[in-house]
Each structure stands twice: as C-alpha cells, then as structure tokens.
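Trainee: pasting the structure only:
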C-alpha cells in the first residue's frame, strides 16, 4: 500500500563538503551568482494580496543578507502563491488551502499557513475575503466530521488519498483522512480569534460557525472518555506502526483524568499514551479564546461558561498528571496515560513542548517551560539530532537523523537571545539545499537529503519568523 511517507519523500543525495567548527554549522556552498526569485510569475499566482506584497518589500529592505532576503521573498507568500483556492460554497465565500504537495486540506496546516497574514487583513479587502472563506470552510468541515484531520475540496467527494482508502473507521463524504488530533479543532479557533482580534470583523462568525463551535466542545468532552471509550476508533493496514492505533483502534488504556484523549499527534503519528500534553495545553488556550468570542459575539454565556469550566478541568488534570518531577526541577511530559506512565520526548510538529509560548499556552519566561525547553533541545529527547549540517528536533514521522526546520524556527520564536536567534537563522539559511524554500526535514549531516520540496506551512512560518526578527530582534540579523 502506498503510504503518505513514501509519496512525500523526496531525497536528493550529495556529499557533505564541510564539518562543524564549534557551533558554526558548515554546509556546501551554493555557488549562486545571484538570487533570482523562485515565486511563480504574477499571472500564475493563486492569490495576490496588496498588503502582503507591501510587507514583502518593507521587510526585505531591512534584511541586509542577500540570501536571507531571497529566502524570505520566496517563502513568505508561498501559501498565497501556490496553495489557495478562493470561490463560493452554498452561496458564501469559500477558501480551500492545500498543504502543498497533497491535494487535500488539513485543518491544522491550513490555519497555520495563513496565520502570518492575519495582522495584515485589516488593511486588505482581498485578505478579508480569504479569511471569511477559510473560517467558513472550517465550520463546514467540523460539521462534516469533527474527528477528521483532513478534507476534500468537494464536501461530498470520497477521499482521493491512496493511503486512506481502506481505513477502518467511520469515513464520510468530504473527509480525506480521519485521524483524531486535538489540534485539528484548536487551530481553527486560534485563526478565528486572531482574525477577529486583528480586524474586529464579525462577518464570518454566523450561526453555522456557532454550531460548529458547539460541536468542538462536544467532541472535546466526548474524548475525556469519562463514560466509556466514546465514538471514535481508527485502524489502518500499514507497515509503519505509527499509522494505526492499539486495541481495536481505541488506543492504549488510560485512567480518566479530565484531559482529552488524542489518537494521533500533530505529526499524524499515533500517540503512545493517549493524553498528549502539548495538545491538551493548546486546548486550554483555545477554549479560553472561544469563551471570549462566544460572550462578545453571540452573548452565549452558557457555552462560554462550559468552555471555561472544561479548560480549568483540563488544566488541573495536566498539572496533576502531566508533570515530570525531576531532581533539577519539574518538566512537562509529552504524553501520559493517567496510570503514572509518562513519555518524555518532543516532536517537531506544532503543538509541541518547545512551541508552547508560540501558541500562547505559557510565557517564555515560565520556569517549568525553560527547563522543558532545555531538555527537549538536548540528548535527553530521543528525537533531538545534531550533526554536521545543524541541530534540531525531528520525530518518528520521518525517522532518525532527520531535523525539521520547523523546530529550528520554534527555537527562534521562543527565544529573546539574539545569539540563539542568529544561530537558528544561520542553520535555516544553510540547509535549504539551494532550493530557496524550507522543507519538512533534512538529514543532520547533509541538507541535500530532505523531504517535501513543497511544504507551504514551513515556508510561511519562516516568513513569519523573519518578520518578527526584523521587527523585534534586528541585531540578530547582523550576526547571521
């Protein structure tokens, strides 16, 4: 059977030309005489935003390093240039956003891909329409199946993903893949709240969106599993064990704690212990944001109070069961089961332990987070890799030695240390393998060995990082 991994993997092998010297990561020289734009011609771009084009020009002018400026110009608009389809659905604005090299829309990826443009929407009517359409499409998707992670462009179509054709689960029309991941319902809330805060625009938040949010809360409560396993199960025939779940698809045993069960991580890999801590902390943040919107937009005090009570219950459960009591100080676990079993690791996909402040789930200065951050960026994390090309976090999804640029970006996003930010940018600059774009993962010793040549989330995330660095840490750019 064709798997997602085998379909997406694009490996280019090349010798490593240099080795590490201290903390300066060395890679083969590009040999470029110039940095010509890798964007599609204007007439072939999927979506054009005047505000985004102005932001590109303004930000690029403040990046002295020509290669970093070139990477920014290629990456920041990549979602708009290549992955967005704007139209109508049932007479309403509709926006469908593919991940890049897969013709389906992940709830997580689509939200994250457009996030760097939220702050520009107030001044750009075209962007506002894009957000109206995507927020509405998310509501449609949640209405189809809140347990699905990915959806088809046609809400009535059967999945066209080779690897999902024979999944043992309740597949419905419009669903591309049905892996239950907590963050699939958190990301649409984050996007909706961020858009509303940035613009004050209430247009997309209609009765359909309100109904979808009720279903989000219902699903979170179902997956607390206080009264049995709930309605969701998933199995898949695959040579890779992380593609399926244990015990007839319900996952490993748990003791109910108040936390939400997740059958899959943000990587789309199966959880080992069903209480994923980054996902549950993300849910706490999202439920608080949703409560604010429900009160101010819909005057729905009942559902808002339900959100706040659920968030408080989850937070208390995470504090009770999700903390590793270490001799050097408390750390967050990555997954637990409520019986006392705890897994310490981190995965590059967001939400992750490293990314908690980026998602608003804690402050960068929080002492427990700082200890956790140091531990996941070290050999204590089995998925932390360090080689001649760089260092960073990967995960089971692409296997050993494979560093995800996303983790390097999250290290920079969660830092106020200019030297650390500069080192992160140097690694990103030196590991794009002369493509001008970010990738899913690269080999720790050879960046020419990479996966996914077209991964829009990583590209726009890099663009967001460059905007933040220019605005808040310009001195770091002078150290790259």
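Mentor: Perfect, thanks for sending it. Everything quoted here is computed from the prediction, not taken from an experiment. Numbering: from 1, shown residues only.

Trainee: and the spatially most central residue of the chain, its phi and psi?
Mentor: Taking CA atoms, centre = their mean, the centroid of the chain lies closest to residue 350, which sits 4.1 Å from it. Main-chain torsions, residue 350, degrees, to the nearest 10: phi -110, psi 130.

Trainee: next one: residue 96
Mentor: Dihedral angles (degrees, to the nearest 10) for residue 96: phi -120, psi 130.

Trainee: cool, the one 10 residues further on as well?
Mentor: Backbone geometry at residue 106, expressed as degrees, to the nearest 10, gives phi -80, psi 130.

Trainee: ok, now how distant is the residue lying closest to it once chain neighbours are set aside from residue 268?
Mentor: Closest residue to residue 106 apart from its sequence neighbours, by CB to CB, 6 or more residues apart in numbering: residue 150 at 4.8 Å. Backbone N, C-alpha and C define where each C-beta goes, glycine included. For residue 150, the distance to residue 268 equals 9 Å [CB to CB, to the nearest Å].

Trainee: next one: residue 385
Mentor: For residue 385, the distance to residue 268 - CB to CB - is 20 Å.

Trainee: so for the two, which sits in the more crowded spot?
Mentor: residue 385 (23 against 19; other CB atoms under 10 Å).

Trainee: who are the neighbours in contact with residue 321?
Mentor: Residues in contact with residue 321 (CB atoms under 8 Å, 6 or more residues apart in numbering) are 257, 259, 275, 336, 338.

Trainee: and which of the residues you listed is nearest to residue 210?
Mentor: Distance to residue 210, by CB to CB, is smallest for residue 259 among the contacts of residue 321, at 25.9 Å.

Trainee: the closest one contacts residue 223, correct?
Mentor: No: between residue 259 and residue 223 there is no contact under CB atoms under 8 Å: 9.0 Å.

Trainee: which residues of the stretch 51-200 of the chain score low on pLDDT?
Mentor: Applying pLDDT under 70 to the stretch 51-200 of the chain flags no residue at all.

Trainee: which parts of it are helices?
Mentor: Counting by DSSP state H, counting those that start in this stretch, residue ranges of the helices within the stretch 51-200 of the chain are 66-75, 78-82, 107-114, 125-144, 183-199.

Trainee: so what's residue 327 scoring on pLDDT?
Mentor: Per-residue pLDDT puts residue 327 at 86.

Trainee: what about it, how many neighbours?
Mentor: So residue 327, with other CB under 10 Å, has 4 neighbours.

Trainee: what about it, distance to residue 437?
Mentor: 43 Å.

Trainee: just residue 422 next, same as before
Mentor: Distance from residue 422 to residue 437, by CB to CB: 21 Å.

Trainee: what's the answer for residue 395, then?
Mentor: Distance, residue 395 to residue 437, by CB to CB: 20 Å.

Trainee: against residue 161, how distant is the residue nearest to residue 106?
Mentor: In terms of CB to CB, residue 150 sits 8 Å off from residue 161.

Trainee: what touches both of the two?
Mentor: Common neighbours of residue 150 and residue 161 (CB under 8 Å, 6+ apart) are 104, 176, 177.

Trainee: residue 394: neighbour count?
Mentor: 28.

Trainee: got the contact list for it?
Mentor: 347, 348, 383, 384, 385, 400, 401, 402, 403, 404, 407, 441.

Trainee: read off the pLDDT value for it.
Mentor: Reported pLDDT for residue 394: 98.

Trainee: for the nearest residue to residue 69 once chain neighbours are set aside, what are phi and psi?
Mentor: Computed as CB to CB, 6+ apart, the closest residue to residue 69 that is not its neighbour in sequence is residue 63, at 4.1 Å. Backbone torsions of residue 63, given as degrees, to the nearest 10, read phi -110, psi 110.

Trainee: ok, now which ones touch residue 63?
Mentor: Applying CB under 8 Å, 6+ apart, the residues contacting residue 63 are 69, 72, 466, 470, 477.

Trainee: now, of the residues you listed, which are buried?
Mentor: Applying 16 or more other CB atoms under 10 Å to those, the neighbour count classes 69, 72, 466, 470, 477 as buried.

Trainee: now those in CSV, with distance to residue 120?
Mentor: Shown next, in CSV, are the buried ones among the contacts of residue 63 (distance: CB to CB, whole Å):
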residue, distance to residue 120
69, 19
72, 15
466, 15
470, 15
477, 21
